[in-house]
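Trainee: Here you go, sequence then predicted model.
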Amino acid sequence: MAHFTRFVSFEDKFNTNLFTFILPSTYLLGTEEKLTTREFLCRNIPFVLTFVKNGDQLNAFLLHRSRDIETLEMTLDLSVTLLCREHFTRNESFTEKNCKFTNKVTLHGRKSFTSINRLCSVDFMDERGNIQCELEIKNLIVSYITEIQLPPQLINTQYTHVVQSTTNRQPLDAKIETPLFYYSNYEWCVVIQPKLDSVGQVGHFRMFIQRLTPCDHSVKLTYRI
């Protein structure tokens, strides 16, 4: 596994996120064909960075991982850089712009990124034979769509009086929570709060989303119902 060593978030207009990994010499000099980083989050979206050998060539791909089962789309700019210890102008790097990820397209990257023989030199390897890799993600925009089944009593307020006995009847303005759904590795639901008019009938609804999964930081998002 490629070791994760550093994360830096820049407050620039591109919302740049920089991740640093160490590629071990055991992979570069060994027979194992595939190397994957541990899962990491960028703006609460899970990713892994994967390297695949193809003869003397090294392929590099950013793979999106998520529990989302509905429609998720996102676009981003990515760049992968293998740092040359002698001088930054000799770094091996590539950039992909406007990469679109969906539930069907889960990876983007570059085949035949660089030569393994070139990497196995003192220019790139440190004293332990490891190589430092930087992944940069910019302009990440996420769009997620899910369909939610509304309870019958919201569609026909008479439904409640038909199917419920008088003793078990729920108030017309009782708060309703929809089944949970997954977004950005968190569980969410839509909360619907009916509001009664002057004669005690449902006049309008107040709807908002609620995060069910606890965490120690806030999540900023924009949503439309």
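Mentor: Received, thanks.

Trainee: Distance check, the most centrally placed residue in the chain against residue 72.
Mentor: In the chain, the C-alpha nearest the mean C-alpha coordinate belongs to residue 45, at 1.7 Å (C-alpha atoms, centre = their mean). Separation of residue 45 from residue 72 (C-beta to C-beta, to the nearest Å): 9 Å. For every residue, glycine as well, the C-beta is placed using N, CA and C.

Trainee: now swap in residue 46 and tell me
Mentor: Per C-beta to C-beta, residue 46 is found 11 Å from residue 72.

Trainee: Then residue 174?
Mentor: For residue 174, the distance to residue 72 (C-beta to C-beta) stands at 32 Å.

Trainee: and if you look at residue 2?
Mentor: Following C-beta to C-beta, the distance that separates residue 2 from residue 72 is 25 Å.

Trainee: Over to residue 204?
Mentor: Note on residue 204: its distance to residue 72, by C-beta to C-beta, is 30 Å.

Trainee: same thing with residue 143?
Mentor: With C-beta to C-beta as the criterion, residue 143 and residue 72 are 7 Å apart.

Trainee: do residue 62 as well
Mentor: According to C-beta to C-beta, residue 62 and residue 72 sit 15 Å apart.

Trainee: shouldn't residue 24 be in contact with residue 5?
Mentor: No: using C-beta atoms under 8 Å, residue 24 is not in contact with residue 5, being 12.0 Å away.

Trainee: OK, contacts around residue 180?
Mentor: 187-189, 212 (C-beta atoms under 8 Å, 6 or more residues apart in numbering).
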